[in-house]
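Chemist: fold the following, please.
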Amino acid sequence: MKKSRYTESQIMEILKKGESGIPVPDLCREFGMSSASYYKWRAKYGGMDASMIKRLKELEAENQRLKKMYAESKMDAEILKDALSGKY
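Modeler: Here you go, the predicted model:
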């Protein structure tokens, strides 16, 4: 997964400025980002504070790690099943 150029606090700052009434194109020019990024962040992080965003990112990383562990164990189980069935 690609790492964001912006920290959680920067994302919160940008979203708060957008809520205060600054036009989105001006925000995008000021921070050097696309308007799609702003709207994606607003949909994902709208109504959160910085600590909640940090916790969300931690949970996403843990979820990714657990999915990888599951895939590896599933693959090991398939290999053992094939070996025991005598296909080799």
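
Chemist: how many residues are close by Leu27?
Modeler: 16 (other C-beta atoms under 10 Å). Where C-beta positions appear, they are placed from N, C-alpha and C, glycine not excepted.

Chemist: please report the distance of it from Ser4.
Modeler: 16 Å (C-beta to C-beta, to the nearest Å).

Chemist: low-confidence ranges in the chain?
Modeler: 1-3, 87-88 (pLDDT under 70).

Chemist: ok, which stretches of it are strands?
Modeler: For the chain, no strands are identified by DSSP state E.

Chemist: grab the longest helix from it for me.
Modeler: Counting by DSSP state H, the longest helix found in the chain is helix 50-85.

Chemist: residues of it that come out buried?
Modeler: For helix 50-85, burial by neighbour count (16 or more other C-beta atoms under 10 Å) applies to Ile53.

Chemist: quick one: that helix to chain centroid distance?
Modeler: 16 Å (C-alpha atoms, centre = their mean, to the nearest Å).

Chemist: and that helix, what does it pack against?
Modeler: The contact analysis (3 or more C-beta pairs under 8 Å, 6 or more residues apart in numbering; DSSP states H and E) places helix 50-85 against helix 8-19.

Chemist: re earlier: helix 8-19 and the longest helix of the chain, what's the angle between them?
Modeler: 120 degrees (axes from the mean of the first three to the mean of the last three C-alpha atoms, to 10 degrees).
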